[in-house]
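> the following comprises the amino acid sequence and a computationally predicted model.
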Amino acid sequence: MILNKVLRIHWSIGENISNNVKKGFIPEKLYRQIEKSVITLCVDVIIKKDGEYLLAKRVLKPYKERWFIPGGRVLRGETIEQAAKRKAFEELGVKIKNLVLCGYNETVFRDRQDFTMIFIAEMYGNKITLDSKQNSTYKWSKKLPPMYRVIKIKRK
C-alpha cells in the first residue's frame with residue numbers, strides 16, 4: 001500500500017536520496033511520485049535573540065542563495081515540536097527553548113505542496129555550527145525573510 005510506504009519515508013532536505021535507497025528506503029522515483037500526490041508536513045523555526053532573528057543562507061533549492069530560517073520536513077514518529085528542535089540543531093547546531101507555535105504557511109511549488117507549521121524560539125548559549133550541506137553562512141537580522149510577516153492582532 002502506497003500510504004504505508006509514505007509513512008516510512010526518512011528524508012530531509014539536504015540528504016542524498018540515492019544513499020537512502022541503499023539503506024532500505026523507497027526508490028527515488030517512487031518517492032518523487034508520492035511527493036507529487038500528497039502534501040508534505042514541514043516546520044520552520046524563527047530563532048530570536050536580543051531583538052534579532054537568526055538567518056542562514058541556503059545552499060539547496062527551493063531557496064538556494066537566499067536568507068532563510070531553519071526548517072524542513074517532519075519525519076514519521078516525530079511531533080512537530082521534535083522536528084523543529086531537530087531542524088534547528090541539524091542546520092545550525094543550536095538547541096532551542098521556549099518553543100511556541102506562531103503560524104503556518106502553505107506553499108505550492110510546481111512539483112509539490114508543503115504545509116509548514118512555524119515556531120518561534122530562543123536558543124541556548126551563543127554557539128552556532130552550520131551544516132555546510134544545507135547553509136553557507138549565517139547572520140543575525142532585525143528583519144525576517146519577506147515570506148514571514150509578523151502580524152499583531154488587537155483584541156477588544
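Perfect, I can see it now.

> for stretch 122-133, measure first residue to last.
Using C-alpha to C-alpha, to the nearest Å, the end-to-end distance of stretch 122-133 comes out at 24 Å.

> what does it contact?
14, 47-49, 54, 56, 59-60, 88, 90-98, 136-138 (C-beta atoms under 8 Å, 6 or more residues apart in numbering). (C-beta placed from N, C-alpha, C; glycine too.)

> redo that, cut-off 7 Å
Contact with stretch 122-133 is made by 14, 47-49, 56, 59, 90-98, 138, as judged by C-beta atoms under 7 Å, 6 or more residues apart in numbering.

> same question for stretch 90-101.
45, 47, 54, 56, 70, 81, 84-85, 88-89, 117, 119-124, 127-131, 134-135, 138.

> so what's the residue count around residue 49?
For residue 49, the neighbour count with other C-beta atoms under 10 Å is 13.

> in helices, which of the contacts of stretch 90-101 fall?
81, 84, 85, 88, 89 (DSSP state H).

> ok, back up a step: which of the contacts of stretch 122-133 sits closest to residue 147?
residue 56 (14.7 Å; C-beta to C-beta).
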